[in-house]
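Enquirer: return a 3D structure for these sequence lines:
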Amino acid sequence: MLIIRKEQIDLLSRNMAGHFAGRLARQWRASHPETTKGRNDASLLSDTEQAIRTAEAHGISARADLERFVGFVMEYGTSFGFTPDTQWAGAILQHPSIPGSDKMAKIEEAYLFERRANHG
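Expert: Numbers count the residues shown, from 1 in each chain. Reported below is the predicted structural model:
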């Protein structure tokens, strides 16, 4: 019988999370070359990993939602949700009773509203 220890599972989880963050960083670089121009891979990966940790700390855990959150962080910076320009997202992120997927849906709705309001 094969027995997998908790330490092995934790290591596998961290390894998978690293691969996921790396894939997101590469995808962002490929799809947004102007935004990532001048940034090295390590910096981009670090920001991606930080974005994932921030999202998870606010209850966002589904991969599709993490991808969406990383996109906002890449657009607005690692302080997304915690600056005057993104306080609309911070209120949603910090709401304790909204599930993670619902937070992302509300953030996207608020984002579209903000864009319309500020850009006609």
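
Enquirer: next one, pLDDT for the closest residue to G100 other than its chain neighbours please.
Expert: Excluding its sequence neighbours, the residue lying closest to G100 (Cβ to Cβ, 6 or more residues apart in numbering) is I60, at 3.9 Å. (Each C-beta comes from the backbone N, C-alpha and C, glycine too.) For I60, the pLDDT comes out at 96.

Enquirer: and what of I9?
Expert: pLDDT, I9: 63.

Enquirer: for this protein, name the helix or strand with the lowest mean pLDDT.
Expert: Taking mean pLDDT, DSSP states H and E as the measure, helix 6-31 is the helix or strand of the chain with the lowest mean score, a mean of 77.

Enquirer: now the spatially most central residue of the chain: which helix or strand?
Expert: By Cα atoms, centre = their mean, the chain has its centre lying nearest to V70, at 2.8 Å. Per DSSP states H and E, V70 falls inside helix 63-76.
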